[in-house]
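Asker: next come a sequence and a model predicted from it.
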Amino acid sequence: MNTNSLTDQEFRQFQRFIYEAAGIHLSPAKKALVAGRLAKRLAHYQVDSYGAYFRLLEHGSQPEEAQVAVDLLTTNETYFFREAKHFDLLREFARAARNHMRPVRVWSAASSTGEEAYSIAMVLADCMDGAPWEVFGSDISTRVLEKARAGHYPMERATQIPQAYLKQYCLKGIDNQKGSLLIDRTLRSRVQFAQVNLNAPLPQLGTFDVIFLRNVMIYFSSETKRQVVARILAQLRQGGLFIIGHSESLNDVTEAVESVMPSVYRKR
């Protein structure tokens with residue numbers, strides 16, 4: 001399948017599809033990415049055009065295929081301890097909570113393959129000193145959530161993990177697993193993952209002390225951004241921290257938070 005064979009009209013159909021499914025706006029610059037990622041599905045169903053594949057999605061004869069398409073079209077780039085200052089702040093927050101014997105719940109709201117959620121868990125395991133804590137990770141893609149639950153990663157992903165955490169919370173692969181690491185089972189058991197679509201009413205999740213929503217809003221329109229942030233902040237307790245990506249801003253999005261430092265906000 002020639003990836004240049006995705007017509008502008010077909011691309012607009014997939015733009016609408018992923019916007020309606022996940023609130024994600026695909027710019028025209030993503031046309032080649034869409035063609036490349038979906039080409040294998042055309043081959044799988046032996047259809048000769050992207051339009052024919054789109055009609056298959058629309059017809060609903062293969063209901064599970066819509067999730068496959070969503071998985072393929074959502075970009076999932078992440079690594080351990082991305083933006084070190086955010087984790088320094090989390091350490092301070094966790095130690096203060098421990099001193100007041102308060103439990104801490106943290107939500108990684110676009111957890112992708114799990115590196116962010118496990119980075120959060122390592123910090124809490126280290127800093128809470130036996131006080132209760134909980135990490136919840138969610139994503140719209142079932143494909144990346146399977147990888148997150150497995151907690152098995154190439155060793156090159158580990159470069160940002162502090163050495164003490166690497167020794168304490170990760171197992172180094174040997175023999176045929178050489179060059180990989182596995183998150184320790186005890187730590188994995190403390191992190192729960194579930195599929196959540198931020199562009200729809202949220203399930204009953206309870207309230208959180210800290211919510212990470214990093215490098216996701218750049219894909220949303222202004223209105224979608226406002227709706228998603230309002231939903232998420234409803235799950236954040238007063239005084240809780242809301243952490244976003246450095247290339248993102250909450251200007252004109254919400255007045256429910258105040259800035260703590262660049263990309264970090266506190267719920268009023």
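Answerer: Looks like it came in fine.
Asker: got the buried residues for the longest strand belonging to the chain?
Answerer: Longest strand in the chain by number of residues, with DSSP state E as the criterion: strand 236-244. Under the neighbour-count criterion of 16 or more other Cβ atoms under 10 Å, strand 236-244 has 236, 240, 241, 242, 243, 244 buried. (Each C-beta comes from the backbone N, C-alpha and C, glycine too.)
Asker: quick one: contacts for the closest residue to the third one other than its chain neighbours?
Answerer: Same thing as residue 241. In space, and not counting its chain neighbours, residue 241 is closest to residue 210: 4.6 Å by Cβ to Cβ, 6 or more residues apart in numbering. The contact partners of residue 210, taken as Cβ atoms under 8 Å, 6 or more residues apart in numbering, are 90, 93, 104, 105, 106, 107, 120, 240, 241, 242, 243.
Asker: state the mean pLDDT of the helix or strand harbouring residue 210.
Answerer: Secondary structure assigned from DSSP states H and E places residue 210 in strand 208-213. Averaged across strand 208-213, the pLDDT comes to 98.
Asker: for the following helix or strand past it, packing partners?
Answerer: Moving toward the C-terminus from strand 208-213, the next helix or strand (DSSP H and E) is helix 222-233. Applying 3 or more Cβ pairs under 8 Å, 6 or more residues apart in numbering; DSSP states H and E, one finds that helix 222-233 contacts strand 208-213.
Asker: for the strand it packs on, which strands pair with it and how are they oriented?
Answerer: strand 104-108 (parallel), strand 236-244 (parallel) (DSSP bridges).
Asker: picking that back up, alpha carbons only: can I get the longest strand of the chain in CSV?
Answerer: What follows is strand 236-244, C-alpha atoms only, in CSV (Å, rounded to 0.1, in the frame of the first residue of the first chain):
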residue,chain,number,x,y,z
LEU,A,236,-8.7,17.3,42.1
ARG,A,237,-9.0,18.2,45.8
GLN,A,238,-8.7,21.8,46.9
GLY,A,239,-5.1,22.7,47.2
GLY,A,240,-4.1,19.8,45.0
LEU,A,241,-1.5,20.1,42.2
PHE,A,242,-2.3,20.0,38.5
ILE,A,243,0.9,19.4,36.4
ILE,A,244,0.9,19.9,32.6
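Asker: residue 123 belongs to a strand?
Answerer: No: applying DSSP: H, G, I helix; E, B strand; the rest coil, one finds residue 123 to be helix, outside a strand.
Asker: am I right that residue 206 sits in a strand?
Answerer: No: looking at residue 206 with three-state DSSP, it is coil, so not inside a strand.
Asker: so it makes contact with residue 105?
Answerer: Yes: look at residue 206 against residue 105 with Cβ atoms under 8 Å: they come within range, at 6.9 Å.
Asker: and these two? which has more neighbours close in?
Answerer: Neighbours of residue 206 and residue 105, each counted by other Cβ atoms under 10 Å, are more numerous for residue 105; the result is 20 against 10.
Asker: pull the contacting residues for that one.
Answerer: Contacts of residue 105 (Cβ under 8 Å, 6+ apart): 133, 134, 135, 136, 206, 207, 208, 209, 210.
Asker: got a quick PyMOL command for the buried subset of those?
Answerer: A single PyMOL command selects the buried members of the contacts of residue 105 (16+ other Cβ under 10 Å):
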select buried, resi 133+134+135+136+208+209+210
